[in-house]
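Peer 1: Based on what follows, work out the 3D shape:
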Amino acid sequence: MRKSIAAVIVWLLSWGWLFFGVVELLVWSGLRHDIFGKTAMVEMLASVLADLLWLPIAFLLPFYLYAELRRLIKGKMVRFLTIFALLFLLFLLLVNPAFVFRWLFLPSFLFLFLLGRRIYLDRRLRWDKVLYAVCLLILIGYYGPQLLPHLAIERKSPTLSAISYNISVSQPKPMRQQFIDQVLRLSPDVIFVQEINSRDRNLLRDKLSEAYPHQLWSDRSATYNNGAILSRLPFEQSENVNIYTPYMRSHTNVNYAAVTLAGQPVHLFNCHLYPSGHSFIRFLFGRMETDAFVHETRIAYKRRLEEAEQIHRLIEVLPGSVVLAGDLNDSPNSQIYQLFANKLRNGFRQAGWGLGSTFGEYRLAEQLPARLRFLANDFLRIDHIFCSPDLQVYSARVLQIDDSDHKPQIVKIRPAKE
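Peer 2: Numbering: from 1, shown residues only. Alright, predicted model coming up:
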């Protein structure tokens, strides 16, 4: 009887991991475009799932790892300590998934080694474990360098450090101080800010003008999706480029400025593409009707894609280096992300360690009961800094500032050829 139950469980797990592997390929590759086309709802779902699919794999990893370790570990105390360590890993996964992801490579590689060793010695396969290992390998292939810590080697070559931050237009003035304190402590060369209003313009000018005398502000500073570029380095040129699509009533600004690094021009772009994530969270918690959500998502997707295509056309014709930063409101592997990734390189992908998630916790906490708010975590990487291939990002990290619904990202850049 026990063997029959075990066989059914293995059968269910095997088919479950086979299905999950197909979902991974649909979300993490262009395969979904061949099957479903580039439709708004499919792209929205893929964007949301992009940095969530690792969770089931991570949640079950301790169980699969224990199944391999128990064959090697002798003694009740050692076995107890192993079980305790694996249960602690599951607890961390609930309260701080970003931390677990950073160290996921250690148990992952251990499991793959132990599974390979057992297959080699026993010459037998248990299909659920093999298919789970395939899903784990797809995960490793998708995240690649983000799974491993990076050693930032300082060199004598000229560098450019930059912070990009959506400061949330609706936040009260006292909550800006944490960001200002971080800027003054970290002292980046360039600051890209999104969601400014007239109050922010006055505050940041008052607090940062001495350290950042070169400033470009959107010409419609009270508008939701405009921004600013603040710089220690003098601007060789600067202007606000108007972006207009059929899906908006008026235009929006993309901030453009050029500075010099190692005697060469670097073109800076600060942008904020139209969002749809807020609607998804309201829909997820039953606070938005399905028809309204579908309609709003389609319009938001079309507008965001059109904005991205116009910005991409601006970048294509520019000679020299490019740094594009901002809140793109789309996660890696999305059509919009790939549009920029075809010409530019993502800073966090190059030099970041971990998920790099910048959005979700704040909005989820608003919807959850007070007793469950500890479960709210950032789960979307929608704020990005891209650089042209002639620039190298050698350090990238997300700053833990809680005065907005986004987290800021800081990168350090140098010429790729010294």
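
Peer 1: make it CA atoms for all contacts and neighbour counts henceforth
Peer 2: Noted.

Peer 1: Low-confidence stretches in the stretch 251-400 of the chain?
Peer 2: 277-278, 284 (pLDDT under 70).

Peer 1: ranges for the helices of it?
Peer 2: Ranges of helices in the stretch 251-400 of the chain, per DSSP state H, counting those that start in this stretch, are 277-284, 290-316, 335-341, 347-351, 361-367.

Peer 1: Any idea which of these gets closest to residue 99?
Peer 2: helix 361-367 (14.5 Å; Cα to Cα).

Peer 1: where's the closest residue to residue 385 other than its chain neighbours relative to residue 273, distance?
Peer 2: Closest residue to residue 385 apart from its sequence neighbours, by Cα to Cα, 6 or more residues apart in numbering: residue 325 at 4.3 Å. Distance, residue 325 to residue 273, by Cα to Cα, to the nearest Å: 11 Å.

Peer 1: And residue 75, by the same measure?
Peer 2: Residue 75 is 58 Å from residue 273, by Cα to Cα.

Peer 1: And for residue 103?
Peer 2: Taking Cα to Cα, one finds residue 103 at 32 Å from residue 273.

Peer 1: Neighbour count: these two, which is higher?
Peer 2: residue 273 (24 against 15; other Cα atoms under 10 Å).

Peer 1: Which residues are in contact with the more buried one?
Peer 2: 225, 304, 307-308, 327-329 (Cα atoms under 8 Å, 6 or more residues apart in numbering).

Peer 1: Among the residues you listed, which one has the most neighbours?
Peer 2: residue 327 (27 neighbours).

Peer 1: That residue: what's it in contact with?
Peer 2: 165-166, 194, 271-273, 382-384.

Peer 1: 7 Å instead, please
Peer 2: 166, 271-273, 382-384 (Cα atoms under 7 Å, 6 or more residues apart in numbering).

Peer 1: ok, now residue 148?
Peer 2: With Cα under 7 Å, 6+ apart, residue 148 has these contacts: residue 353.

Peer 1: Contact partners for residue 174?
Peer 2: Contacts of residue 174 (Cα under 7 Å, 6+ apart): none.

Peer 1: tell me the secondary structure for it?
Peer 2: Following DSSP: H, G, I helix; E, B strand; the rest coil, the label given to residue 174 is helix.

Peer 1: just so I have it, where are all the strands in the chain?
Peer 2: Under the criterion DSSP state E, the chain contains strands at 160-166, 190-194, 214-217, 227-231, 237-243, 252-261, 264-272, 321-327, 345-346, 383-387, 391-398, 409-415.

Peer 1: just checking, what packs against the fourth one?
Peer 2: Contact analysis of strand 227-231 by 3 or more Cα pairs under 7 Å, 6 or more residues apart in numbering; DSSP states H and E lists strand 190-194, strand 214-217, strand 252-261 as its packing neighbours.

Peer 1: Touching that strand from outside, list them.
Peer 2: Contacts of strand 227-231 (Cα under 7 Å, 6+ apart): 189-196, 212-218, 255, 270.

Peer 1: Filter these down to just the buried residues.
Peer 2: 189-196, 212, 214-218, 255, 270 (16 or more other Cα atoms under 10 Å).

Peer 1: got the buried residues for stretch 58-76?
Peer 2: 58, 61-62, 64-66, 68-69.

Peer 1: Next: stretch 105-114.
Peer 2: Buried-residue list, stretch 105-114, by 16+ other Cα under 10 Å: 108, 111-112.

Peer 1: And for stretch 275-295?
Peer 2: In stretch 275-295, counting by 16+ other Cα under 10 Å, buried: 275-277, 279-283, 293-294.

Peer 1: can you list contacts of that stretch?
Peer 2: 297, 300, 329.

Peer 1: so which of those residues comes closest to residue 339?
Peer 2: For the contacts of stretch 275-295, the nearest to residue 339 is residue 329 (13.6 Å; Cα to Cα).

Peer 1: Would you mind listing the residues in contact with the closest residue to the closest one other than its chain neighbours?
Peer 2: Leaving aside its chain neighbours, residue 329 sits nearest to residue 382 (4.9 Å; criterion: Cα to Cα, 6+ apart). Neighbour list for residue 382: 327-331, 358-359 [criterion: Cα under 7 Å, 6+ apart].

Peer 1: same check, this time on residue 59
Peer 2: With Cα under 7 Å, 6+ apart, residue 59 has these contacts: residue 90.

Peer 1: what residues go with each domain of the protein?
Peer 2: Taking automatic domain parsing as the reference, the chain has its domains at 2-147, 160-415.

Peer 1: any idea which of those is most buried?
Peer 2: Highest mean neighbour count among these (mean count of other Cα atoms under 10 Å): domain 160-415, with a mean of 19.

Peer 1: how far does that one sit from the chain's center?
Peer 2: With Cα atoms, centre = their mean, to the nearest Å as the basis, domain 160-415 stands 12 Å off its chain's centre.

Peer 1: export the helices and strands packed on strand 227-231 to TSV and tack on distance to residue 184?
Peer 2: Formatted as TSV, those follow (distance: least, Cα to Cα, whole Å):
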stretch	distance to residue 184
strand 190-194	11
strand 214-217	16
strand 252-261	21
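
Peer 1: Quick one, which of the ones you listed gets closest to residue 374.
Peer 2: Closest of these to residue 374 is strand 190-194, at 27.3 Å (criterion: Cα to Cα).

Peer 1: Dump that closest one to CSV, keeping only the CA atoms.
Peer 2: Extracted C-alpha coordinates of strand 190-194, given in CSV (Å, rounded to 0.1, in the frame of the first residue of the first chain):
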residue,chain,number,x,y,z
VAL,A,190,24.3,61.4,-11.7
ILE,A,191,20.8,61.1,-10.2
PHE,A,192,17.8,60.0,-12.4
VAL,A,193,14.5,60.8,-10.6
GLN,A,194,11.0,59.9,-11.7
